[in-house]
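1. Let's see this in three dimensions:
(2 chains)
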Amino acid sequence: MYAIEIKGLQKTFSKGDFTLQLPSLQVEEGYITGFIGENGAGKTTTIKLILDMLFPDTGSVKVFGMDAQDESAKIKQEIGYVGGTNGYLQGASLWQICKMTAPFYPNWDAQRFDMLMEKFRLDSSLNKRYKALSDGQKKQFGLVMALSHHPRLLLLDEPTANLDPLVREEILQLIAEMMEEERMTVFFSTHITSDLDKVADYVILLDHGRMIFQKEKEGLVAGCRVVKGRNELLSGEVAEKFVYLNRSEFGFTGLTETPAQVYDLLGEEAVYERPNIEEIFLYYTKREREGKTWRQ
Amino acid sequence: MATMKRLLKLEIWKLAQYRTNLLVLLGLLIFCSVTARSAAFGLVLTVYMLVYTPLAYDEQSKGEYLLCALPVSRKQVVQAKYIMIAAELAALSLLMLGANRIFVWAFFDWKDTQNLLGMQQLGMLLMMGAIFAGVLLPLVLRFGVLRARIWVIILYAVSVAVANGTLGIFSPAAWTGTDTPLTIGWKFIGVAVVLLISYLAALTVYNRREFTE
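-> Below is the predicted model:
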C-alpha cells in the first residue's frame, strides 16, 4: 500500500489558467519523498488536495488506501502537517495552542512534545505568544506539534523556506532522526533542492502543473551525469543524448540520462560530473519550458 | 461528542483572544437592556460580534489551515459553530433579561410593561438573533469574512424586512403585548427552525468550499 496514491487527477482553477494534472503519483510508505518544482508549479495545490482543502475535478486522492475526501477526518489522525501557514491563533501562547490542539489526537505524546520543544530551545517560550516567534521558531513549533502525535505521514509544505541555514539544518536533522525512529512517511514539498540532497529517498518533479518524473533519488543521481565539453564535440547525434544543453562561446554543459552512450561518443574529451538534485531540477525544467527548440 | 467539545473549546479560545472588546460589548448589552426595544439593538450588535469575531480571527490567522489539518469533519466544524451560537444567544438573552429586571426595579415602575422584558420579548430577541446568525453564518462559511460582508448586510436587511412582514417584529404589539403561552412557544420553535434551516444551508455550502488562498 502506498502512503499517498493519486490517479487521473485534474484540477483547474476557474479564475486563473492553471491546471494541475497528475495522471499517476505514488508516495512509498516509510520513505522521504521530495516534491520539487518552482513557485506556482502546483506543489501546494497537491498538498491541499491531500488535506481535503481543495476538491479534484476528476481522479482520486488516496492516503493509506482511504479516500482523501470521504475519510478525511480519519486520515488526518495519521497526518502531521507543517506548512507556510499553520493557522495557529496568533495571540495565543504556545502552551495554549498545545492545550487546544493536543486533545484532538488520541496518540498525543506529551513527553515527546516536551522533548522536541527542548531540542529546539522553545521550552522557555511556552508562555510566549505565537505571533512573537521568529519565522524559524514558528516552523520549528509547527514541526513539534506535527510530530507529537506520532503521525504515519508527515506533510511538509516548504518547511525550510526563508529560514537561515542553521535552523534549516536543525529541522532536516530532526526529520531524519524521526524517520530512523519510526519509519514514518515524509512528503516534503520544496524549491530548496539542497535539502533533498541530504534527506530524500524519492524525488517527484513538477512543472506548471504537470509531473515531469518520479524517481528513486540515488538511482536518479547515479544514472545522470553533467557533461562539459568544447562546442566542436557537439554533433547532432551527441545532442540527442542530452536532457538539456547550455551552450556558450566557451563550450557546452548538459545533463544526460545515458552517460555511457555519451562517453562512447566523446570519451575523455569531455568532463563528467555527478549532478545534484538542483542541477537535475534545472535541466529538466528548462527542457519542459523550451520543448525541443533548444536542440535547434 | 468529545470532538465537538474540543471544537467548542477552540471557539471559546478564539473569543477569549478578544476578551477586552467583548467585555466592553457586554457592558453595552447590559446598558441596552434598560428597555425592551433597545435590547433588540444591543443583542443584534453583540451577536454580530460573537459570530464574526471567531470567523474573522480564523481568516486573519489562516485558521482554515488548522481546521483542515485537524482530524475533524467539515460537518463537525459547522455543527460546533451552530451549537456555539445557540448557546450564546440563550446566554445573552438571559443576561439581558436579568439586567432588564434590575433596571426596571431601580428606575421604572413595575407596572410599566413598556420597559419590562418578559418571555414574549425574550422570544422576539432570540428570533432576531437567530435570523441574524442564520443569515450570517452560511454566507461567511461559504465566502469568508471579507467577501461576505456586503451580502451579510443586504441579506440581513431583507430577512428582517421579511420577518417584520410575517411576524411583525417591529410592531409595538410585538414588544409590549401579552402573548399566550402557545404563541410564545411558537416563537421558540421558530428560533429552532431558523437555526436548523440555516445549519443545513451552511453545511451544504461549507462542504463545497475550497480553500484556495
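2. Next one, pLDDT for residue 150 please.
-> Picked chain A for this. Looking at A:His150, its pLDDT reads 92.
3. Chain B was what I was after
-> 81.
4. B:Arg74 too?
-> The per-residue pLDDT reported for B:Arg74 equals 93.
5. That one is in contact with B:Tyr206, isn't it?
-> Yes - with contacts counted by CB atoms under 8 Å, B:Arg74 reaches B:Tyr206, the gap being 5.4 Å. Quick note: C-beta positions are derived from backbone N, CA and C, even for glycine.
6. Tell me which residue in the stretch 151-296 of chain A sits closest to chain B.
-> A:Leu155 (8.4 Å; CB to the nearest CB).
7. Could you tell me which residues make contact with that residue?
-> Contacts for A:Leu155 (CB atoms under 8 Å, 6 or more residues apart in numbering or on different chains) come out as A:47, A:50-51, A:79-83, A:187.
8. Out of those, name the ones that lie in helices.
-> Of the contacts of A:Leu155, the ones assigned to helices by DSSP state H are A:47, A:50.
9. so what's A:Leu245 bridging to?
-> A:Gly254 (DSSP bridges).
10. Can you tell me the element the closest residue to chain B within the stretch 51-200 of chain A falls in?
-> Using CB to the nearest CB, A:Gly87 is the residue of the stretch 51-200 of chain A that sits closest to chain B, at 3.2 Å. Under the assignment given by DSSP states H and E, A:Gly87 is not contained in any helix or strand.
11. Equivalent analysis for A:Phe35, please.
-> strand A:32-36.
12. Quick one: residues in contact with that strand.
-> Residues from elsewhere that reach strand A:32-36, judged by CB under 8 Å, 6+ apart: A:27, A:43, A:46, A:175, A:179, A:185-191, A:193, A:195-196, A:199-206, A:217, A:277, A:281.
13. give me that answer again for 6 Å
-> Under the criterion CB atoms under 6 Å, 6 or more residues apart in numbering or on different chains, residues A:27, A:43, A:186-189, A:193, A:196, A:199-205, A:281 lie in contact with strand A:32-36.
14. coming back round to it: need the three-state assignment for the residue of the stretch 151-296 of chain A closest to chain B.
-> Secondary structure, DSSP: H, G, I helix; E, B strand; the rest coil: A:Leu155 is strand.
15. how about the nearest residue to it, chain neighbours excluded?
-> Distances taken as CB to CB, 6 or more residues apart in numbering or on different chains place A:Tyr81 nearest to A:Leu155, at 4.7 Å, with adjacent residues excluded.
16. and the angle for the helix ranked longest in chain A with strand A:32-36?
-> Identified as the longest helix of chain A according to DSSP H is helix A:165-182. If you take axes from the mean of the first three to the mean of the last three CA atoms, to 10 degrees, helix A:165-182 sits at 140 degrees to strand A:32-36.
17. Sort out which residues of helix A:165-182 are buried, please.
-> Residues A:167-168, A:170-172, A:174-175, A:178-179 are the ones in helix A:165-182 that count as buried (16 or more other CB atoms under 10 Å in any protein chain shown).
18. Distance from the chain centre to that helix, please.
-> 14 Å (CA atoms, centre = their mean, to the nearest Å).
19. what inclination does that helix have with respect to strand A:153-157?
-> Using the same axes, to 10 degrees: helix A:165-182 against strand A:153-157 is 160 degrees.
20. so the residue nearest to A:Leu155 makes contact with B:Ala69?
-> Yes - at 4.2 Å, A:Tyr81 and B:Ala69 qualify as touching, with contact defined as CB atoms under 6 Å.
21. ok, is stretch B:2-9 in contact with chain A or not?
-> Yes - judged by CB under 6 Å from any CB of the partner chain, stretch B:2-9 and chain A are in contact via B:Arg6.
22. Helix, strand, or coil at B:Thr53?
-> Under three-state DSSP, B:Thr53 comes out as helix.
23. is it true that it touches B:Tyr18?
-> Yes - if you go by CB under 6 Å, B:Thr53 and B:Tyr18 touch, sitting 5.3 Å apart.
24. re earlier: and the contacts of the longest helix of chain A?
-> Against helix A:165-182 from outside (CB under 6 Å, 6+ apart): A:136, A:147, A:160, A:195, A:198-199.
25. so where does A:Gly8 fall, helix or strand?
-> strand A:4-12.
26. what about the nearest residue to A:Glu29 once chain neighbours are set aside, how many residues close to it?
-> Among residues not flanking A:Glu29 along the chain, A:Ala3 sits closest, at 4.3 Å (CB to CB, 6+ apart). Using other CB atoms under 10 Å in any protein chain shown, A:Ala3 is surrounded by 25 other residues.
27. Spell out which parts of chain A neighbour chain B.
-> Near chain B, when you scan chain A using CB under 6 Å from any CB, you find A:51, A:53-54, A:73, A:76-77, A:81, A:85-87, A:89-91, A:100, A:103-104.
28. Relative to B:Phe211, which of these is nearest.
-> A:Met53 (4.1 Å; CB to CB).
29. In the strand or helix carrying B:Gly98, which of the residues would be classed as buried?
-> In this structure, B:Gly98 sits in helix B:74-107 according to DSSP H and E. Under the neighbour-count criterion of 16+ other CB under 10 Å, helix B:74-107 has B:74, B:76-86, B:88-89, B:92-93, B:95-97, B:99-100, B:103-104 buried.
30. Ok, stretch B:53-60 next?
-> By neighbour count on 16+ other CB under 10 Å, the buried set for stretch B:53-60 is B:53-59.
31. So is that stretch next to chain A?
-> No - figure legend: stretch B:53-60 not in contact with chain A (CB under 6 Å from any CB); closest approach 6.9 Å.
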